[in-house]
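Asks: after the sequence you'll find the predicted model.
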Amino acid sequence: MNYKFKDKALLERALTHISYSNERLKDRDFNYERLEFLGDSVVNFLLAHWVYENFPFMDEGKLSRLKAALSSREVLARAARRLGLHEKLRLSKGEEKMGGREKSSILSDVFEAYVAAVFLDGGLEPAREVVFKALAPELEEVLEEGATAFDYKSALQEYAQRLGSPLPEYRVIREEGPPHRRKFTVEVEVLGRKFRGEGFSKKQAMYSAAKSAWEALVGKEREIIKDKFFLPSHKEEKEEK
């Protein structure tokens, strides 16, 4: 957390879970829930503006789906971890024992609350800096690899969640070739099965693995629901136009 708060109470509130305020504080309303309500709108506005500016040829429906992928629970939870919010979060003893500090549902809410606190304390520009710094890896993926590749991962994740399965797990299992031309093999485990992909970057290999898993697992259903997920890459959009 690099932002320096003028109003420390805003930061304290953003990092307080309702379980903590109910258990430890006299003021049971002193928690991040109201901030999360505001932060949800701030984060979505900033991401909507970003996708609008960076994908000028994309229609409204696809812009909405890309924004939704970037603001998903898992993505915002990762952003919270990058900022170290999970370490500062105040939880009740019970919630702590239940693993609340690592729950994506809680961390995504905390991230939105933190963004709202920054917005109230310093305005829109500091909030923008926080969001774009915390989500830099995901935004870079979209710009470098195209939204289609990004959404293979999102689609696979949503598919696993819909079936009540653990989220896909990716790991690099092999690196080969000279330093200037490294080739990576990534394995993804999902629904009890493993799939591999290759590429000349870890990201490409990961996308390849996600695509292989998606095509193998979803099968005919892919044709029915693919429009919900898949978006042309930045390059493809320009070519279509």
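Replies: Looks like it arrived, so ask away.

Asks: from memory residue 118 sits against residue 127, does it?
Replies: Yes: between residue 118 and residue 127 there is a contact at 4.7 Å, judged by CB atoms under 8 Å. For glycine as for every other residue, the C-beta is placed from the backbone atoms N, C-alpha and C.

Asks: what pLDDT does the most centrally placed residue in the chain get?
Replies: Residue closest to the mean C-alpha point of the chain, counted by CA atoms, centre = their mean, is residue 75 at 1.1 Å. What the model reports for residue 75 is a pLDDT of 88.

Asks: correct me if wrong: it contacts residue 135.
Replies: Yes: with contact defined as CB under 8 Å, residue 75 counts as touching residue 135 (6.9 Å).

Asks: so what's the residue nearest to the centre of the chain up against?
Replies: By CB atoms under 8 Å, 6 or more residues apart in numbering, the contact set of residue 75 is 69, 135, 138.

Asks: measure the last one to residue 25 for me?
Replies: Read that as residue 138. Distance of residue 138 to residue 25, computed by CB to CB, to the nearest Å: 34 Å.

Asks: these two: who's more crowded?
Replies: Just comparing residue 138 and residue 25: by other CB atoms under 10 Å the higher neighbour count belongs to residue 138, 20 against 13.

Asks: element containing that one?
Replies: Assessed by DSSP states H and E, residue 138 sits inside helix 136-145.

Asks: report the angle between the axes of the helix or strand following that helix and helix 136-145?
Replies: Downstream of helix 136-145, the next assigned helix or strand under DSSP H and E is helix 147-162. Relative orientation of helix 147-162 versus helix 136-145 (axes from the mean of the first three to the mean of the last three CA atoms, to 10 degrees): 130 degrees.

Asks: for the next helix or strand along the chain from helix 147-162, which strands pair with it and how are they oriented?
Replies: Using DSSP H and E, the next helix or strand after helix 147-162 towards the C-terminus is strand 169-176. Applying DSSP bridges, strand 169-176 is found paired with strand 183-190 (antiparallel).

Asks: the residue of the chain most remote from its centre: what secondary structure?
Replies: Within the chain, residue 26 marks the point farthest from the mean C-alpha position, 34.2 Å out by CA atoms, centre = their mean. Here residue 26 is coil, with the state taken from DSSP: H, G, I helix; E, B strand; the rest coil.

Asks: and the gap between it and residue 77?
Replies: 30 Å.

Asks: before we move on, what about residue 191?
Replies: For residue 191 relative to residue 77 (CB to CB), the value is 21 Å.

Asks: between those two, which one's more packed in?
Replies: residue 77 (22 against 15).

Asks: of the contacts of residue 75, just say which sits nearest to residue 212.
Replies: residue 69 (19.6 Å; CB to CB).

Asks: okay, buried residues for stretch 98-108 please.
Replies: Residues of stretch 98-108 classed as buried by neighbour count (16 or more other CB atoms under 10 Å): 100-101, 103-104, 106-108.

Asks: what helix or strand does residue 65 sit in?
Replies: helix 60-70.

Asks: so that helix versus helix 136-145, what angle?
Replies: Using the same axes, to 10 degrees: helix 60-70 against helix 136-145 is 140 degrees.

Asks: who's in contact with residue 30?
Replies: 13, 16, 21.
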